[in-house]
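>>> Structure, please.
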Amino acid sequence: MSFDVGDSSTLTIEIDPYDGSTEATSLLTDPSGNQSTPVAVNLGNGVWAIVVTFDAIGEWMLTWIVTGTGAGKQSQILEVTDMPGGLYTTVERLRNAVAPDDNFANTAAMLLDSQLWDHIREAQSIVEGYLTRATQVPLQPPVPMIVKLLTTSIAAWLATLAYRRGKDLSPNDPIALRYAQAMDMLGKIADGQMAFSSLTPDVEEIFAVIKNPYEGELFGTEIIPDQRYYQQSAGWTNPWGW
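Here you go, the predicted model:
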C-alpha cells in the first residue's frame, strides 16, 4: 500500500467475528522507528478506523491489536514516497538484489534506508525518462513486474557505486551485468523494438486475505505468490534466474 508524503489517510480493519467485547487498538511505527498509537474509532459492523498523516518518506508499519471476540494481531507495511504514483521498487527488494544471499557485509545493502530510497528515486527517474517515449508516466498500479525489476537493477548499480565511493565495477560484476541488461531493455522499449503494452501487469502482488478460522485468532493469512512476468525480446535474456 503506497501513499504520498503529506497525505492524511483513513486506514481501516474489518474484524470477523465480533461482538460487544471486541476492541481494536493500533501501533504505528514511522521510518525512523518512532512509535505512536492513533486512536481507533469503532465505525460499526466490525470495522475500526484510524486517521494517519504521513510526514516522512519510507516504510511505515501499522499493527492492529484486537482483544475480545476476534482477538489477534495484524501488521502491514505502508510505503510513503514523494513521487506521484508511488515507487516501483522497495528497499527490501533492493537489498535482496545487492546481497541475494542475505550477507550484507561489504555490499550496498549496508547503506541506510534513506540512502537506498534516494537511489530508488533516482533509478525510477531514469526508467521513466525512457518509458515516456512509449507510455504515459508515472505508471499507475498495477505496474508490470519487469518495470519493478528494471528499476531495482538500476538502483542496485547506483547504490553500489555510492557504496564504493565511485570506484567502477568490473563489466562482469553481477550488478554491472544487471544494469547493462536493464539499460538495453529500456532502450528497446524507447525505440519501439519492444511494445510496452505487451508487458504483463503485475496484478497478483503478494497480499494477505483475511479469513476467520474460528479458533480465537483474528484471521488466518493466505499468501498469494508474486507472479513474476517478463516479456521476452530479441537479444534479451532473463538475468534473475526465473
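
>>> quick one: Leu158 and Arg93, what's the gap?
In this structure, Leu158 and Arg93 are separated by 14 Å, where distance is defined by C-beta to C-beta, to the nearest Å. (Glycine included, C-beta is placed from N, CA and C.)

>>> Can you pick out the residue with more neighbours from those two?
Leu158 (21 against 16; other C-beta atoms under 10 Å).

>>> What helix or strand is the more buried one located in?
Remark: Leu158 resides in helix 145-163, with elements defined by DSSP states H and E.

>>> by contact count, what packs against whichever helix or strand comes after that helix?
Tracing the chain C-terminally past helix 145-163 and defining elements by DSSP H and E, one meets helix 174-190 next. Counting contacts by 3 or more C-beta pairs under 8 Å, 6 or more residues apart in numbering; DSSP states H and E, helix 174-190 packs against helix 91-98, helix 113-131, helix 145-163.

>>> Can you lay out those helices as a markdown table showing distance to Ala71 and mean pLDDT?
Putting the helices and strands packed on helix 174-190 into a markdown table (distance: least, C-beta to C-beta, whole Å; pLDDT from 0 to 100) gives the following:
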| stretch | distance to Ala71 | mean pLDDT |
| --- | --- | --- |
| helix 91-98 | 29 | 91 |
| helix 113-131 | 32 | 91 |
| helix 145-163 | 36 | 94 |
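
>>> What helices and strands are in contact with the helix holding Leu158?
Contacting helix 145-163 under the criterion 3+ C-beta pairs under 8 Å, 6+ apart are the following elements: helix 91-98, helix 113-131, helix 174-190.

>>> Dump the ones you listed into CSV; add distance to Gly70 as well.
Rendered in CSV, the data for the helices and strands packed on helix 145-163 read as follows (distance: least, C-beta to C-beta, whole Å):
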stretch, distance to Gly70
helix 91-98, 30
helix 113-131, 34
helix 174-190, 45
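
>>> Run a quick neighbour tally on Ser75.
Other residues near Ser75 number 12, with proximity taken as other C-beta under 10 Å.

>>> Quick one: classify it as helix, strand or coil.
strand (DSSP: H, G, I helix; E, B strand; the rest coil).

>>> just checking, it touches Thr63?
Yes: counting by C-beta atoms under 8 Å, a contact exists between Ser75 and Thr63, whose distance comes to 4.4 Å.

>>> Mind listing the shared neighbours of these two?
Residues touching both Ser75 and Thr63 (C-beta atoms under 8 Å, 6 or more residues apart in numbering): there are none.

>>> Can you pull up the most central residue in this protein?
The geometric centre of the chain, computed from its C-alpha atoms, lies nearest to Thr90 (C-alpha atoms, centre = their mean), at 4.2 Å.

>>> Please consider this matter closed, and thank you.
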